[in-house]
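Undergrad: Here is a sequence together with a model predicted from it:
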Amino acid sequence: MEPTSISLWVVILLVGMALVFDFINGFHDAANAIATVVSTRVLKPHTAVALAAFCNLAAIVVFDLHVASTIGKGTIDPSIIDYHVVFGALVAAIFWDIVTWYYGIPSSSSHALIGGLIGAAIAKAGFGSLILSGVVKTVAFIFISPLLGMLLGSLMMILVSWFFRKSTPRKVDIWSRRLQLFSVSAYAMGHGGNDAQKTMGIIWMLLLSGGYLQSSDSAPLWIVLSCHVAIGLGTVFGGWRIVKLMGQKITRLRPVGGFCAETGGAVTLFFATICGIPVSTTHTITGAIVGVGATRRTSSVRWGIAGTIVWAWILTIPCSALIAAIFWYLGRVLI
């Protein structure tokens with residue numbers, strides 16, 4: 001399809017919406033990167049968000065665009081993508097993020113976006129429009145990423161406890177506070193690398209469908225830069241409602257626990273991003289925090305709160321898919 005003057009304005013509108021979603025993603029998911037370091041009082045909130053935002057941007061030079069490729073070409077059939085599909089997906093993702101932020105629920109921006117794509121695609125072309133390998137991989141990691149985060153968080157806590165077994169509590173605390181600066185930076189970089197690429201994939205998809213890019217073209221530099229800047233700015237403004245829940249209500253964290261949770265989560269995110277798997281940073285850090293808490297004793301984890309969070313995870317894709325289907329129909333009238 002050749003670009004037209006009319007479609008250009010539609011593209012500009014939708015690119016703007018995508019960057020708004022990216023900003024909200026950073027705003028909503030800021031807690032994932034900084035909740036532990038703020039709750040353990042290693043860093044003050046404003047210092048923590050500044051560090052996280054910088055690491056979100058630094059991810060641009062660390063990761064290739066494998067996740068963006070999965071979103072842009074590996075989730076739904078590229079031939080059915082049009083402005084209405086992208087519009088429905090973005091509205092659904094933004095709506096779900098705002099609702100869950102308002103109620104302080106750490107849901108997944110990533111899965112809200114993917115659920116939106118799935119719902120809009122099904123509304124337009126039925127279930128045959130889905131690329132099952134990409135969808136199954138994404139859905140599977142709803143469960144795998146928190147479990148992997150939990151496992152690695154637990155293992156880190158066990159290893160650190162063994163390594164410092166002859167040290168005084170004060171020495172452990174001092175070293176943990178220093179190490180947490182590195183672990184929170186690594187987690188924030190993984191967050192920027194995985195989550196910014198999801199919005200890149202949407203914009204890439206939009207430009208392909210509008211004829212502004214060829215299928216063989218890579219994502220332009222302006223897309224990469226604008227997405228990283230948008231998510232970094234969102235992180236600066238932060239999602240403070242969710243910080244308290246993530247950092248204190250699930251389990252009480254000390255600096256050593258914060259370091260272990262962030263390290264386990266960061267390894268999970270680096271692995272997923274390198275493999276091109278769009279995962280939830282929310283799921284990952286929640287699993288890691290639960291794993292750290294469970295190494296002390298299972299009763300130290302508030303399982304009721306953790307269960308509420310899991311329900312939010314389960315409902316995110318179907319709810320955002322339904323919202324996207326509704327707005328796909330509305331988009332056909334409005335755009």
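TA: Okay, I see it. Numbering: from 1, shown residues only.
Undergrad: what helix or strand is the residue of the chain most remote from its centre on?
TA: Ranked by distance from the centre of the chain (Cα atoms, centre = their mean), the top residue is K166, with 38.2 Å. Under DSSP states H and E, no helix or strand contains K166.
Undergrad: For it, give its distance to T263.
TA: Distance of K166 to T263, given as Cβ to Cβ, to the nearest Å: 22 Å. (Glycine included, C-beta is placed from N, CA and C.)
Undergrad: Likewise for D82?
TA: According to Cβ to Cβ, D82 and T263 sit 43 Å apart.
Undergrad: These two: who's more crowded?
TA: T263 (26 against 19; other Cβ atoms under 10 Å).
Undergrad: Could you verify my assumption that that one touches G149?
TA: No. With contact defined as Cβ atoms under 8 Å, T263 does not reach G149; the gap is 10.2 Å.
Undergrad: Identify the residue nearest P255 in space, chain neighbours excluded?
TA: Nearest residue to P255 in three dimensions, chain neighbours excluded: S176, at 3.7 Å (Cβ to Cβ, 6 or more residues apart in numbering).
Undergrad: Name the nearest residue to T75, sequence neighbours excluded.
TA: G134 is the one closest to T75 (Cβ to Cβ, 6+ apart), at 4.5 Å.
Undergrad: try M205
TA: For M205, ignoring the flanking residues on the chain, the nearest one in space by Cβ to Cβ, 6+ apart is G72 at 4.5 Å.
Undergrad: Check L181 too.
TA: Nearest residue to L181, sequence neighbours excluded (Cβ to Cβ, 6+ apart): V42, at 7.1 Å.
Undergrad: secondary structure class for that neighbour?
TA: In three-state terms, and counting by DSSP: H, G, I helix; E, B strand; the rest coil, V42 is coil.
Undergrad: Tell me who's in contact with it.
TA: V42 is in contact with 177, 180-181, 184, 255, 258, counting by Cβ atoms under 8 Å, 6 or more residues apart in numbering.
Undergrad: Buried ones in stretch 198-214, by neighbour count?
TA: Neighbour-count burial for stretch 198-214 flags 198-210, 212-213 (criterion: 16 or more other Cβ atoms under 10 Å).
Undergrad: closest to S280 among those residues?
TA: Minimum distance to S280 across the buried residues of stretch 198-214 is 10.4 Å, recorded for K198 (Cβ to Cβ).
Undergrad: Per-residue pLDDT of the closest one, please?
TA: Note for K198: predicted pLDDT of 86.
Undergrad: where does it sit relative to S7, distance-wise?
TA: Distance of K198 to S7, computed by Cβ to Cβ: 23 Å.
Undergrad: Ok, G126 next?
TA: From G126 to S7 the distance is 25 Å (Cβ to Cβ).
Undergrad: Between these two, point out the one with more neighbours.
TA: Higher neighbour count among G126 and S7: S7, with 17 against 10, using other Cβ under 10 Å.
Undergrad: And the more buried one, how far from H191?
TA: Distance from S7 to H191, by Cβ to Cβ: 33 Å.
Undergrad: thinking again about what came up before, mind giving me the packing neighbours of the host helix or strand of the residue nearest to T75?
TA: Applying DSSP H and E as the criterion places G134 in helix 132-163. The contact analysis (3 or more Cβ pairs under 8 Å, 6 or more residues apart in numbering; DSSP states H and E) places helix 132-163 against helix 66-73, helix 109-125, helix 255-274, helix 281-296, helix 303-334.
Undergrad: Any buried residues in the fourth one, and which?
TA: Okay, so that is helix 281-296. 281-295.
Undergrad: Which is the succeeding secondary structure element to the longest helix along the chain?
TA: With secondary structure taken from DSSP state H, the chain has its longest helix at helix 169-209. The C-terminal neighbour of helix 169-209 among helices and strands, as given by DSSP H and E, is helix 221-237.
Undergrad: buried sites along that next one?
TA: 223-224, 226-236.
Undergrad: Lowest mean pLDDT among the helices and strands, pick that one out for the chain.
TA: Least confident helix or strand of the chain, by mean pLDDT, DSSP states H and E, is helix 240-244 with a mean of 52.
Undergrad: quick one, what contacts the residue nearest to T75?
TA: Residues in contact with G134 (Cβ under 8 Å, 6+ apart) are 70, 74-75.
Undergrad: Which of those sits closest to A121?
TA: Lowest distance from A121 to the contacts of G134 (Cβ to Cβ) belongs to T75, with 8.2 Å.
Undergrad: residues near that closest one, how many?
TA: For T75, the neighbour count with other Cβ under 10 Å is 26.
Undergrad: swap in M17?
TA: Applying other Cβ under 10 Å, we find 20 other residues in the vicinity of M17.
Undergrad: hang on, it packs against A92?
TA: No. Between M17 and A92 there is no contact under Cβ under 8 Å: 11.3 Å.
Undergrad: Count the neighbours of Y102 for me.
TA: Residues near Y102, counting by other Cβ under 10 Å, number 9.
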